[in-house]
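Enquirer: Pasting the sequence and the predicted coordinates here, then a few questions.
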Number of protein chains: 2
Amino acid sequence: MFSKACEYAIRASIYIAVKSESGQRVSLKDIAGAIDSPEAFTAKILQQLSKDQLIDSVKGPSGGFSIEKKKLQHLRLSQIVYAIDGDRIYKGCGLGLKDCSERKPCPVHHKFKAIREELKNMLEKTTVTELASGLGKGLTFLQR
Amino acid sequence: MFSKACEYAIRASIYIAVKSESGQRVSLKDIAGAIDSPEAFTAKILQQLSKDQLIDSVKGPSGGFSIEKKKLQHLRLSQIVYAIDGDRIYKGCGLGLKDCSERKPCPVHHKFKAIREELKNMLEKTTVTELASGLGKGLTFLQR
DNA sequence: ATATATTAAGATCTTTTTATCCTTTATTAT
DNA sequence: ATAATAAAGGATAAAAAGATCTTAATATAT
């Protein structure tokens, strides 16, 4: 569904969100530990999210990653996914055809459409805070 | 969503189905040409489908691939997908956790569940013949 | 029986994805 | 100012996926 990088991106974002809500900044090491991801690879991913201004980063002592409150209110899963995996999850043809479209559909085009729409809606509706909340309450997990 | 191999597998199966309905056997070359896939790679994939007895193959002159009528009546998309990609599309956690479950869910577990179910249902309901029919009528395409 | 067409199978190569390492840059605390 | 800390960036490596090549096995037609 998502690339590994995107999975880490989502997990990291949720973790950062939890911490940001209580005003804490978290280091790369902290994040990689919390979501059980390879540190250097995670760094690359966070770099990308930071470039896209989906998360904030501060260098130096007591630096780290965070998401400012304002952003956090609006940050959707779709934004994270888009930053890392692009739009292939929405646009790509289920059978890999380049020019698959309503006008020239592949055999599964219409069958997939509904599912894809639903996925898109879900990603666009779901906020990272919302997911962070469940994690904060111990209802959901980011490891194993 | 699916691996490239799985995309080719589905496309090939649909093409073989169309031909099989009019009693024709099709060669690898023919298939690869029709679905615009790399020939040798496609051979591997068809080999796998053949091993799993989802399609039939005959060696030698006037040999090739086909799907016998009986099989074709029941052959579902889910079977093709399972033969090539296994069950990751159903079972795998959206965030890549190994032990994600109802009891110990990742933050998106419940959100994904509905979508995954729908996908599963669709794949299990959809027959290859059904898709072949649209292709036979020129309503759908396997190229570009 | 032989030649030929065609799939099967194994080995190998290429590309992409995933992951690591090392150096540089920015920030903070002293 | 200096040292320490943490992310940024670039180069490289390992693993997985995608694709190709070569040889073997098998069936058919003559």
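Expert: On my side now, so go ahead.

Enquirer: Which residues are in contact with the residue nearest to A:Thr127 when sequence neighbours are not counted?
Expert: The shortest distance from A:Thr127 to any residue that is not its chain neighbour, by CB to CB, 6 or more residues apart in numbering or on different chains, is 5.9 Å, and that residue is A:Arg76. Every C-beta, even on glycine, is put in place using the N, C-alpha and C of the backbone. With contact taken as CB atoms under 8 Å, 6 or more residues apart in numbering or on different chains, A:Arg76 is in contact with A:Leu123, A:Glu124, A:Lys125, A:Thr126, A:Thr127, A:Val128.

Enquirer: ok, how many other residues are close to A:Gly134?
Expert: Other residues within reach of A:Gly134, judged by other CB atoms under 10 Å in any protein chain shown, total 19.

Enquirer: what do you get for A:Lys137?
Expert: Look at A:Lys137: counted by other CB under 10 Å, it has 8 neighbours.

Enquirer: now what about the worst-scoring helix or strand of chain A on mean pLDDT, what contacts it?
Expert: Taking all helices and strands of chain A together, the one with the lowest average confidence (mean pLDDT, DSSP states H and E) is helix A:88-91, at a mean of 86. Surrounding helix A:88-91, the residues in contact under the criterion CB under 8 Å, 6+ apart are A:Met1, A:Phe2, A:Val81, A:Arg116, A:Leu119, A:Lys120, B:Met1.

Enquirer: same question, stretch A:25-43
Expert: The list of residues contacting stretch A:25-43 from outside it, by CB under 8 Å, 6+ apart, reads A:5, A:8, A:11-12, A:15-16, A:19, A:46, A:58, A:62-66, A:142-144.

Enquirer: A:Leu119 is in what secondary structure piece?
Expert: Using DSSP states H and E, the secondary-structure element containing A:Leu119 is helix A:109-125.

Enquirer: relative orientation of that helix and helix B:109-125 in degrees?
Expert: Put simply, helix A:109-125 runs at 180 degrees to helix B:109-125, going by axes from the mean of the first three to the mean of the last three CA atoms, to 10 degrees.

Enquirer: Buried ones in the particular helix or strand that has A:Asp30 in it, by neighbour count?
Expert: Taking DSSP H and E as the definition, one finds A:Asp30 inside helix A:28-35. If you call a residue buried by 16 or more other CB atoms under 10 Å in any protein chain shown, then helix A:28-35 has these buried ones: A:Leu28, A:Asp30, A:Ile31, A:Ala32, A:Ala34, A:Ile35.

Enquirer: hmm, that helix touching DNA strand C?
Expert: No: in this structure, helix A:28-35 remains apart from DNA strand C according to CB under 7 Å from any atom of the strand; the gap is never smaller than 8.6 Å.

Enquirer: tell me the mean pLDDT over that helix?
Expert: Confidence for helix A:28-35, expressed as mean pLDDT, is 98.

Enquirer: Beyond that helix, next helix or strand please.
Expert: Counting by DSSP H and E, the next helix or strand C-terminal to helix A:28-35 is helix A:39-51.

Enquirer: List the buried residues of that next one.
Expert: Residues of helix A:39-51 classed as buried by neighbour count (16+ other CB under 10 Å): A:Thr42, A:Ile45, A:Leu46, A:Gln48, A:Leu49.

Enquirer: Around DNA strand D, which positions in chain A sit nearby?
Expert: With CB under 7 Å from any atom of the strand as the criterion, chain A comes near DNA strand D at residues A:26-29, A:40, A:43-44, A:46-47, A:50-51, A:57-65.

Enquirer: go again using 10 Å as the cut-off
Expert: By CB under 10 Å from any atom of the strand, the residues of chain A that approach DNA strand D are A:4, A:25-32, A:39-51, A:55-66, A:96.

Enquirer: returning to what we had before: possible to save the contacts of helix A:88-91 as CSV with pLDDT?
Expert: As requested, the contacts of helix A:88-91 are arranged in CSV below (pLDDT from 0 to 100):
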residue, pLDDT
A:Met1, 91
A:Phe2, 95
A:Val81, 98
A:Arg116, 93
A:Leu119, 95
A:Lys120, 95
B:Met1, 90
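
Enquirer: Kindly supply the ChimeraX command isolating those of those residues that are buried.
Expert: Typed into ChimeraX, the line below selects the buried ones among these, using 16+ other CB under 10 Å:
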select /A:1,2,81,116,119 /B:1
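
Enquirer: wait, which of the contacts of helix A:88-91 is closest to A:Glu102?
Expert: Relative to A:Glu102, the closest of those is A:Arg116; by CB to CB it sits at 12.6 Å.
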